[in-house]
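Participant: Pasted the sequence and its predicted model underneath.
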Amino acid sequence: MSLAPGLLVAAPRSGSGKTTIVLGLQRALARRGLKVRGMKCGPDYIDPAFHAAATGAPSFNLDSFAMAPALLETLASQTASDADLVLAEGSMGLFDGIRQETGRTGASADIAALFGWPVILVLDVSGHAQSAAAVALGCARFDPRIDVVGVVLNKVASDRHRRLVEDGMTRIGLPVLGAMARDTDLVLPERHLGLVQAGETDELGMRLEGLANAVEISLDIDRLITLAGPTRLRSSGGAPLLQPPGQRIALASDKAFSFVYPHVLSGWRAAGAEIVPFSPLADESPPPDCDACWLPGGYPELHAGRIAGAHRFLEGLRRFAESRPVHGECGGYMVLGRTLEDGDGTTHLMAGLLPVETSYAKRKMHLGYRVAHLLGDGAMGRAGQRLVGHEFHYASVTQSDPSREAAFAAITDAEGSDLGTTGHRVGKVTGSFFHVIAHG
């Protein structure tokens, strides 16, 4: 099997501009006629949808903590066997992750090392000039497993500024593949969990074309392509993806419910399951001919009034739950609860299927990996099943049944610290704040 070469675009820290540059490159390469595939390091569930919009093909996450090496290789193999070039995007800083054994930290560097993909470093050079080379040199030498092959300069103030930065790069022998000027028109809109979702971003196609035009002008794309390295696999992969919760799955899908990892849906389909989308915001019920219902995360806190008024949806969901499994992740979990308080302090009645009340007005960031052991049988597996996932939200629980008998799972953080129990299960209904990534 022939595999496409790959590159990993990373940065020393978050906010350096790597997403806009990756999207511009992906669209520019695609419109040249190359079959380019995106991938996203880490547990981010928003960026892959932008990759898909830029390339016209699905983008999977690669997470060296949450996914076993065999699963990582399965996903990379599926992607690289159907492409001319894999252009992966890092998360946070290149080496940022958790304290774990080398190769299992969740850092982008683990992915570059595992697959042999050379690293292109995006440097935000605002506020410094030759000193940017010291940052690049540190990244290049910090981890001998990876190969930093070039840099892209971002937020360059002037031609003189660029020349000063390039002077430093010449001293350390790292090629400058291009420079992007400061341009607020190229910045994608954001909200509290990251970028505004691809499906919500106004005139997304036009924005992607603008990014591609800027990249074509500013970067040496031909040279960048030559720096891609062969995708290296150590095994044939073959690791199982998450098993589907049913054979015909009703999937809530609209602006309030959209945070689903692409590899999860791909795994369900590969197992023979059919996914049937429906829209709670359009007051649609889970289709009655489905045998399981999944409410993913998203932004129900921004649409709480509409959800509370979607009587056909809520009544249909309650009827569905009487005989078939229903699971909610994060935002979906909030909607399965009794009430949801929006950012203005207005409390809205939700489905009332789980004994929990949540608030977006009382904000607190919850962020990190979760290792869970199920406390009962349900849509996610049998009691005792180990799952690895990620939690990122600002909502808080204001009222909850604390009993272990009603809890969904016992959880720890990535380092094994006991976090007690999470979520709830009542009858065939389950839910929690974490997004499952893989079986443990």
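Facilitator: Cool, the structure landed.

Participant: rest of the way, CA atoms for contacts and neighbours
Facilitator: OK.

Participant: and stretch 114-123, C-alpha only, in PDB?
Facilitator: What follows is stretch 114-123, C-alpha atoms only, in PDB (Å, rounded to 0.1, in the frame of the first residue of the first chain):
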ATOM      1  CA  LEU A 114       5.700   8.400  15.500                       C
ATOM      2  CA  PHE A 115       5.100   8.900  11.800                       C
ATOM      3  CA  GLY A 116       8.300  10.500  10.800                       C
ATOM      4  CA  TRP A 117       6.700  13.700   9.600                       C
ATOM      5  CA  PRO A 118       9.000  16.700   9.400                       C
ATOM      6  CA  VAL A 119       7.900  19.800  11.400                       C
ATOM      7  CA  ILE A 120       7.200  23.200   9.900                       C
ATOM      8  CA  LEU A 121       7.300  25.800  12.800                       C
ATOM      9  CA  VAL A 122       5.000  28.800  12.700                       C
ATOM     10  CA  LEU A 123       6.600  31.700  14.600                       C
END
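
Participant: Please identify the residue most distant from the middle of the protein.
Facilitator: Computed with C-alpha atoms, centre = their mean, the residue of the chain farthest from its C-alpha average is residue 160, at 37.5 Å.

Participant: That one and residue 150: what is the separation?
Facilitator: Residue 160 sits at a distance of 20 Å from residue 150 (criterion: C-alpha to C-alpha, to the nearest Å).

Participant: ok, now residue 93?
Facilitator: Residue 93 sits 16 Å away from residue 150, going by C-alpha to C-alpha.

Participant: OK, contacts around the nearest residue to residue 199 once chain neighbours are set aside?
Facilitator: The shortest distance from residue 199 to any non-neighbouring residue, by C-alpha to C-alpha, 6 or more residues apart in numbering, is to residue 255 (7.7 Å). Applying C-alpha atoms under 8 Å, 6 or more residues apart in numbering to residue 255 gives the contacts 199-200, 281, 298-299.

Participant: host element of residue 8?
Facilitator: Per DSSP states H and E, residue 8 falls inside strand 6-10.

Participant: what helix or strand does the residue farthest from the centre of the chain sit in?
Facilitator: helix 159-172.

Participant: The next helix or strand after that helix vs helix 159-172, what angle?
Facilitator: Per DSSP H and E, the first helix or strand lying C-terminal to helix 159-172 is strand 176-181. Between strand 176-181 and helix 159-172, the angle comes out at 150 degrees (axes from the mean of the first three to the mean of the last three C-alpha atoms, to 10 degrees).

Participant: by contact count, what packs against strand 176-181?
Facilitator: strand 148-156, helix 159-172, helix 204-218, helix 221-226 (3 or more C-alpha pairs under 8 Å, 6 or more residues apart in numbering; DSSP states H and E).

Participant: Could you single out the most deeply buried of those?
Facilitator: strand 148-156 (a mean of 23; mean count of other C-alpha atoms under 10 Å).

Participant: returning to that earlier point: please put the alpha-carbon coordinates of the strand holding residue 8 into CSV.
Facilitator: Extracted C-alpha coordinates of strand 6-10, given in CSV (Å, rounded to 0.1, in the frame of the first residue of the first chain):
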residue,chain,number,x,y,z
GLY,A,6,3.3,14.2,5.5
LEU,A,7,4.2,17.4,7.3
LEU,A,8,3.2,18.6,10.7
VAL,A,9,2.7,22.3,11.1
ALA,A,10,3.3,23.3,14.8
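
Participant: chain center to it: distance?
Facilitator: 16 Å (C-alpha atoms, centre = their mean, to the nearest Å).

Participant: Point out the other helices and strands that that strand packs with.
Facilitator: With 3+ C-alpha pairs under 8 Å, 6+ apart as the test, strand 6-10 has helix 18-31, strand 85-89, strand 119-124 packed against it.

Participant: Of these, which is nearest residue 429?
Facilitator: Set against residue 429 and scored by C-alpha to C-alpha, the helices and strands packed on strand 6-10 come closest in strand 85-89, at 35.7 Å.

Participant: Give the rounded mean pLDDT of the closest one.
Facilitator: Strand 85-89 shows a mean pLDDT of 98.

Participant: between the helix or strand following that strand and strand 85-89, how big is the angle?
Facilitator: For strand 85-89, the succeeding helix or strand toward the C-terminus, using DSSP H and E, is helix 108-115. Angle, helix 108-115 to strand 85-89, by the same axes, to 10 degrees: 160 degrees.

Participant: coming back round to it: turn the helices and strands packed on strand 6-10 into JSON lines, including mean neighbour count and distance to residue 260.
Facilitator: Output for the helices and strands packed on strand 6-10, formatted as JSON lines (neighbours: other C-alpha atoms under 10 Å; distance: least, C-alpha to C-alpha, whole Å):
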{"stretch": "helix 18-31", "mean neighbour count": "24", "distance to residue 260": "19"}
{"stretch": "strand 85-89", "mean neighbour count": "28", "distance to residue 260": "18"}
{"stretch": "strand 119-124", "mean neighbour count": "26", "distance to residue 260": "27"}
